[in-house]
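Q: Below are the sequence and a predicted model for it; my questions follow.
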Amino acid sequence: MKKLFLFWVLCAPVWAQTTIQPKYTYTLPNKWETWTQAPGGMLLVGHAKGFAAIEAHNNQLVYDYTELGKIKLNEMDLIEGLPWVVLKNTAIGKMPSYVVLDYFTGKPVFESQKKDWTGPAGYYFVQDEAKLVIWGANNKLKSITCIGMYDLGTDKELALIDLKDKKLTGGGLPTSMVVEDDRFIMTTTKSVVVINLRTNAIEWFTTKLNNSNGTLKYLFDEDNQVVYAYSPFLKAKVYKINAKDGSLMWAKPISLDGAVKRIEILKEGLWVYSEEEKSFEVNLFDPGTAQKLWKKPYSDKGGIREFIFQPDGVVFGTSTGEVNTLLHNGTLHLSKNIDIGAPYRVFALNPDGTLFYLTGVKMGVVNLKDGGFVKEPAKFRKVEQLITGYDRQNQRFVVSTGNELFFITRDGTSKKVCDIAFKGDENPSKIEFRESGILLSSNQNAMLVDYDGNVKYSVFYKAPGTSIAGKLLAGAVMVASATVSTANAAKAGYMQGASPLYVEDSERQAASAAKSWSGVANNAAAIMTQRFSATTATKNSLYIQTSLDDGVGMVRLNKDTGKPDGQIITKDKKPEYLVDEDFGVFFLLKSDNTIIGYDLRQ
């Protein structure tokens, strides 16, 4: 029965489906240049003479902002976590200008020219504070080396400083910026300047650090009383600084041959990891005197790519695929490293202290106490494109090698679920966990497997010419695993150590997004929170470009059944389109100045 069902799905005629007709038509004032999807159901469009916005299921342009003229893709920056877009005009012959727009209303929340910025050179957003830091030439101070800070909720200027004033800042041009708790730290070519985000005043600066390359990184202690500054470049130095007044707390800094990549404050001392071109070094220093605490540093070829800090030492995985525990006395727990291979997809401790790992070609469980394998490593057959997701409900990893699908648990048990036979030279690139099963998909293929491992359907639609990636901009319904960071997945709470390439469910992401906007004191944040709390959408559908009876278009598939239930005719083998899955709209560029919209909720 299963084989007959699959054959029917693969051969289901797409011509019999309902054709979704255009519902909205948007005429741009000028020729289309670029566009991007913004959270909250907004389509932002740059055209030859300005910047316009389209709201999902609204049949007209919300606004057309023309103050800066033509907007290209590299002149439009969405600010992550905030309901604003930065528009930049840096055209030759015109005064450089930055404008921050509330992208829901088109109203500026900051205009650099109105704040006397005649030559803005860069900006930095303090996201949690909704503050903008801008630097460059300012006419009010008659200087080309200024820095200003603004509250975007109230449009209030919080600080304006001339960096040439050595009594205030030590001089120099800004090169990097970072926020640590309530401090804004700016590194310049000559100094380090710390601004208190509560008072918006300079707390201190120092010119006593060797930061001629203009880049330093910082680590504060738990009480925010001490900050360690270090360079990520060769011949690095590490400084200990009093976080209250900027005074140096060591007579001499720690000097290293390599570039510092990581520092940790442990009860045993200051743990410093550095890298040279072909080798790495780890050492422990006395935080009071900067003296070495080990007889000699631990060093080896390559570099360390995974760290798990434990009470007795650091479990590490090197770039060459070797694993061991570096004890806090500077010695290795095992006399010989365990070879498990690299690169690591999963590197995590189990509750019993064993190490579960998954690389690009195999998986296994290692006993870190004696160096043995709890289970013999299981090697995958030919791996074409390995992606991984985590099935929270069943506490297991779901791994696609491109041609096989596995369920893998942390004790090293591996179960081959099924073969994968995507057509058109494709492999699964996305994983989505649904109530009905696990959806694997690519540009032209889709396959659903239930949580018992049974294949519910597998479909393929031939591309009309070259298969294109499309521009599906959704919440988090499907995340290509290779794009997800280790830090993000570690927060999931199901493992200690590095992340699997992790797929986050859409509800969790929407809740997180709404929370991040809740502290912004303006109308846009309220709109954003409301919209993310009420997204409906078409998250039960997949859209695949193919040839239809009426021409080239997109076939709409039900994710849970694999059956087509609608189609959109584009008559273009390479259409310029965007899909807003959260709000259920398909936008298609029909001509140079015409965009049409399809209501996907029907």
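A: Yep, that arrived.

Q: Now do the same contact list for the closest residue to Asp339 other than its chain neighbours.
A: Excluding its sequence neighbours, the residue lying closest to Asp339 (CB to CB, 6 or more residues apart in numbering) is Glu322, at 5.6 Å. No exception for glycine: its C-beta is placed from N, CA and C like everyone else's. Glu322 is in contact with 337-340, counting by CB atoms under 8 Å, 6 or more residues apart in numbering.

Q: Arg183 too?
A: Counting by CB under 8 Å, 6+ apart, Arg183 has contacts 194-197, 203, 224, 243.

Q: Let's see if you can find the most crowded of those residues.
A: Neighbour tally across the contacts of Arg183 (other CB atoms under 10 Å): the maximum, 27 neighbours, falls on Ile195.

Q: for that one, which residues make a bridge with it?
A: With DSSP bridges as the criterion, Ile195 is bridged to Phe184, Ile202.

Q: can I assume it is in contact with Ala201?
A: Yes - in terms of CB atoms under 8 Å, Ile195 counts as a neighbour of Ala201; the distance is 6.9 Å.

Q: Need the phi and psi values for the nearest residue to Leu78 once chain neighbours are set aside.
A: Ranked by CB to CB, 6+ apart and with sequence neighbours excluded, the top spatial neighbour of Leu78 is Val85, at 5.4 Å. For Val85, the backbone dihedrals (degrees, to the nearest 10) come out as phi -130, psi 140.

Q: Bridged to Val85, which residues?
A: Val85 has these beta-bridge partners by DSSP bridges: Leu78, Leu101.

Q: And the contacts of Arg183, which is closest to Asp550?
A: Taking CB to CB as the measure, Asp550 lies nearest Leu197 of those, at 58.1 Å.

Q: For that closest one, give me its contacts.
A: Leu197 is in contact with 126, 129, 131, 179, 182-184, counting by CB under 8 Å, 6+ apart.

Q: Need those in TSV (columns: secondary structure and pLDDT).
A: Output for the contacts of Leu197, formatted as TSV (DSSP: H, G, I helix; E, B strand; the rest coil; pLDDT from 0 to 100):
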residue	secondary structure	pLDDT
Val126	strand	87
Glu129	helix	84
Lys131	strand	91
Val179	strand	86
Asp182	coil	83
Arg183	strand	88
Phe184	strand	89
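
Q: Among those residues, which one has the most neighbours?
A: Among the contacts of Leu197, Phe184 has the most neighbours (other CB under 10 Å), with 24 neighbours.

Q: Let me know the closest of the contacts of Glu322 to Gly597.
A: Of these, the one sitting nearest to Gly597 (CB to CB) turns out to be Ile340, at 51.1 Å.

Q: Distance check, the residue lying closest to Asp370 once chain neighbours are set aside against Val365.
A: Using CB to CB, 6+ apart and skipping residues adjacent in sequence, the residue nearest Asp370 is Leu334, 7.9 Å away. Separation of Leu334 from Val365 (CB to CB, to the nearest Å) stands at 16 Å.

Q: Which one's more surrounded, those two?
A: Neighbour tally, Leu334 and Val365, criterion other CB under 10 Å: the higher count belongs to Val365, 21 against 13.

Q: per-residue pLDDT, the more buried one?
A: Note for Val365: predicted pLDDT of 95.
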